[in-house]
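A.B. asks: here's a sequence, model it:
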Amino acid sequence: MNYVLGTLSVTYSPQEGLDKQVGFIWAPTLTILPLIVLPTFIFFISNLNTYWRRVGRSKCISDRAMSINSKSNAAWYARVNDFSFSFWAIVLFCFLFVFGFQWAGIYLPAYLSGDTNGVQIDRYLVTLDRPDVISTPQAMILSAVGYMYTASYIVIFMLGLLFCLIITLDYEDICTTSELESAAIDRSQVRHEGKKIVWAVFRVVVFALWLAILVKLQITYLQTDSKNFVSWLRTDAAAVLDASVTPNGWLENSSISHFTTFMMMVVSVTIFFVCALKMNRIFKKMALNDSDHLFTRDKLVITSMFMLIILLSVNLVLVGRINGFSLVLAASAVASVYVLAGPKLRTF
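C.D. replies: Just a heads-up that it's a prediction; the model follows:
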């Protein structure tokens, strides 16, 4: 739709001498997010969910129950059904807040009044400054579809993290039952399955944080006086490395999406820490001695996980707040690739 309506590379002039690009097909939420981060996030969630339902869960229960796979599936579906209210609440919240509040509460009044009221100009509101590029009715339709798309991937984001919590709670429930004391249970196998859950949840949360970071990058760029996204990052890095370079400035506008990305970060980090703490408690209960405790034996791996989560969280908070945030962004990208692809973690 952006291509058909001609808003892929549209610019406007927020101040004299500045031709700022707001319609940019190479923006992170139009390229990296839908082509790499979101599909990978969905893949990891799907892989974890399918594995746990079909294989992992059965390995954590007795041979008798394992032989009746339908009972195991029924128990899993019952567990998921216990969270039916949470599923519906997430869907309704995302569409009511992301689409309803932001589009109907902010964009629609701007279209009807012809005044942005201090809201940042983007490829949807650019019609108020460049009616020659896109008409207001066209922009209204485009923005409605755009915010429905945004709401949909935030729904996927929230539901994916919810599944991580459900699987962790299901594993905890299995490990705290009396069946774990049965001779038919291979405790080392049960611990191994828990190890897989920790690793899978970590991967999901890493990509969840990158999803939030990409959204934060785009909305922060729209508040700056940089002419395009690349020059914004380049100038930020150069201002730290070369004192003669003038740092990026700011425009007088705002966006409620900053709150959205902050909440995405909080939810992601909370889910990871809750899952990690529960797993730590379970592993401690199953360990025969301190050296048998997975979090003790693999302390370096666990530390790498926590440090990367903290680095990505700090990265999101610092975007646009300090000169040199682009260097932190680059370090976060390198650290993410190194930790996710490291041999230690791949075998964890």
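
A.B. asks: is residue 23 in a helix, a strand, or coil?
C.D. replies: At residue 23 the chain is in coil, as set by DSSP: H, G, I helix; E, B strand; the rest coil.

A.B. asks: thought it was touching residue 3?
C.D. replies: No: using C-beta atoms under 8 Å, residue 23 makes no contact with residue 3, being 10.1 Å away. Just so you know, the C-beta spots here come from the backbone N, C-alpha and C atoms, and that holds for glycine as well.

A.B. asks: who has more neighbours out of those two?
C.D. replies: residue 23 (22 against 8; other C-beta atoms under 10 Å).

A.B. asks: ramachandran angles for that one?
C.D. replies: phi -100, psi 100 (degrees, to the nearest 10).

A.B. asks: and it, what does it touch?
C.D. replies: Residue 23 makes contact with 2, 7-11, 123, 126, according to C-beta atoms under 8 Å, 6 or more residues apart in numbering.

A.B. asks: which ones are touching residue 176?
C.D. replies: By C-beta under 8 Å, 6+ apart, the contact set of residue 176 is 282, 285.

A.B. asks: next one: it from residue 49, what distance?
C.D. replies: 22 Å (C-beta to C-beta, to the nearest Å).

A.B. asks: what of residue 318?
C.D. replies: In terms of C-beta to C-beta, residue 318 sits 33 Å off from residue 49.

A.B. asks: what of residue 34?
C.D. replies: Separation of residue 34 from residue 49 (C-beta to C-beta) stands at 21 Å.

A.B. asks: for residue 304, which non-adjacent residue is closest in space?
C.D. replies: Leaving aside its sequence neighbours, residue 304 sits nearest to residue 339 (C-beta to C-beta, 6 or more residues apart in numbering; 5.3 Å).

A.B. asks: so that neighbour sits against residue 303, correct?
C.D. replies: No: the pair residue 339 / residue 303 is not scored as a contact, 10.5 Å apart, by C-beta under 8 Å.

A.B. asks: neighbour count for these two, which is higher?
C.D. replies: Using other C-beta under 10 Å, the more surrounded residue of residue 339 and residue 303 is residue 339, with 20 against 11.

A.B. asks: packing partners for the helix or strand encompassing that one?
C.D. replies: Using DSSP states H and E, residue 339 sits within helix 325-341. The elements that helix 325-341 packs onto, with contact taken as 3 or more C-beta pairs under 8 Å, 6 or more residues apart in numbering; DSSP states H and E, are helix 187-221, helix 229-241, helix 299-318.

A.B. asks: any idea how far it is from the middle of the chain?
C.D. replies: Between the centre of helix 325-341 and the centre of its chain there are 15 Å (C-alpha atoms, centre = their mean, to the nearest Å).

A.B. asks: buried residues in that helix?
C.D. replies: Residues of helix 325-341 classed as buried by neighbour count (16 or more other C-beta atoms under 10 Å): 325-326, 328-329, 332, 335-336, 339-340.
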